[in-house]
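**Q** give me a 3D structure for the following:
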Amino acid sequence: MKIIENRRTYFIISAVVIAAGLISLIFRGLNFDIEFAGGTILQLEMHQKVEDHSRLEQIVKEVSGDTNPQIQSISGNGGDTQIQIKVKEIPAETITALYEAVASEYGLDMENKADLLEQSSISPIISSEMKRAAIISSIVAGILMLIYITVRFRDICFGLGALIPLIHDCLVVLAMYTILQIPVNNTFIVALLTIVGYSINNTIVVFDRIRENRPVYRSYQTAALCDDSIMQTLGRSLGTSFTTIVMILLLYILGVQSLRWFALPLLVGMIAGTYSSLFIASPVWYMLEEKLHKNER
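**A** Residues are numbered from 1 along each chain as shown. Model (predicted):
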């Protein structure tokens, strides 16, 4: 398989996906959850499974004034009998009115509010700080990985060759979030950092093989060095990725809605990470190697 020779094809595939995400980001934006946008969370014990949320959503809209509330069922003692309601930040009297409206409709405890299991609010100021912390943590992780790989392989080409695919993976996941309008919350950061860690692991395996094989190849055989090294690690990379993807797929199929919103980005990110490790990282390293070290040969 001549991966280096066909690198432009792989770059175009990635560019199309990322471009679609950027266009969606410009026109639709991200669907920030309460953790990043600020708001109020109510968790109620309904004592029944509420499969149709249309009536509940209507009540929430009328009382809270939020035109886009988030309502999801979560597992309770009797199954999916608990409901979590997320709306824009509302005052205490509106929270009381909202609970009483839901309680009246579904026969909950109105007097003691025993069925109001949890109530919390996040201000826009705190959510802004969380956004900033998320961005900083991602940047710091990328810089540290760049330094680590550069030092380990004693070559900046390896460091940049690993960092660019990581940016690629993050942009692919971001594209999926904006296209599908998946709520962006704390799990977004967990998923992103998990994908980055998994992707860099596959990339290092390929780069290690390139370093081991390098003395065997002549300076003009860099393309063959990359292709052969990728093929030698292909079985290991695909096998590891396949088993991980199967488990995440089962989590998505069998999990509740909140787990699915976490598993889906993770699933797409794992596929993108495997793709970038095999078809983006080595071609990028090859191009940098040809550009930066050409005069040294």
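
**Q** can you list contacts of stretch 173-187?
**A** 17-18, 20-22, 24-25, 28-36, 70, 130, 188, 191-192, 195, 261-262, 264-265, 268-269, 272 (CB atoms under 8 Å, 6 or more residues apart in numbering). Bear in mind the C-beta positions are built from the backbone N, C-alpha and C, glycine included.

**Q** which among the residues you listed count as buried?
**A** 17-18, 21, 24-25, 30-36, 70, 130, 188, 191-192, 195, 261-262, 264-265, 268-269, 272 (16 or more other CB atoms under 10 Å).

**Q** show me the shaky parts of the protein.
**A** Across the chain, the ranges flagged by pLDDT under 70 are 75-80, 124-127, 293-297.

**Q** domain ranges for it?
**A** The record's domain parsing of the chain by automatic domain parsing lists 7-33+126-296, 39-122.

**Q** now those as a markdown table including distance to Met1?
**A** What follows is those, written out as a markdown table (distance: least, CB to CB, whole Å):
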| stretch | distance to Met1 |
| --- | --- |
| domain 7-33+126-296 | 6 |
| domain 39-122 | 44 |
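
**Q** what comes up buried for stretch 157-173?
**A** Buried, per 16+ other CB under 10 Å, within stretch 157-173: 157-166, 168-173.

**Q** repeat that for stretch 116-125.
**A** So stretch 116-125, judged by 16+ other CB under 10 Å, has buried residues Leu116, Ser121, Ile122.

**Q** pull the distance from it to the chain's centre.
**A** 24 Å (CA atoms, centre = their mean, to the nearest Å).

**Q** got it, and stretch 135-151?
**A** 18 Å.

**Q** could you number the chain from 70 rather than 1 from now on?
**A** Understood, numbering begins at 70; the last thing we discussed is stretch 204-220.

**Q** how about residues contacting that stretch?
**A** Contacts of stretch 204-220 (CB under 8 Å, 6+ apart): 225, 227-229, 231-232, 235-236, 239, 258, 261-262, 265, 269, 273, 276.

**Q** try 6 Å this time
**A** Contact partners of stretch 204-220, identified using CB atoms under 6 Å, 6 or more residues apart in numbering, comprise Ile225, Phe227, Gly228, Ala231, Leu232, Ile269.

**Q** from Tyr175, how far off is Glu187?
**A** 17 Å (CB to CB, to the nearest Å).

**Q** again, but for Gly228
**A** Gly228 is 57 Å from Tyr175, by CB to CB.

**Q** one more: Ile72?
**A** 58 Å.

**Q** who has more neighbours, the two?
**A** Using other CB atoms under 10 Å as the criterion, Ile72 and Tyr175 rank with Ile72 on top: 21 against 17.

**Q** hang on, that one in a strand?
**A** No - counting by DSSP: H, G, I helix; E, B strand; the rest coil, one finds Ile72 to be coil, located in no strand.

**Q** part of a strand, is Leu113?
**A** Yes - counting by three-state DSSP, Leu113 is located in a strand.

**Q** skipping its backbone neighbours, what lies nearest it in space?
**A** In space, and not counting its chain neighbours, Leu113 is closest to Ile152: 5.0 Å by CB to CB, 6 or more residues apart in numbering.

**Q** quick one: residues contacting that neighbour.
**A** By CB under 6 Å, 6+ apart, the neighbours of Ile152 are Leu113, Met115, Val119.

**Q** could you do Thr109 as well?
**A** Contacts of Thr109 by CB under 6 Å, 6+ apart are Val156, Glu158, Ile159, Ser190.

**Q** now it: how far from Val132?
**A** Distance from Thr109 to Val132, by CB to CB: 12 Å.

**Q** can you show me the strands along this structure?
**A** 108-114, 139-145, 148-156, 185-191 (DSSP state E).
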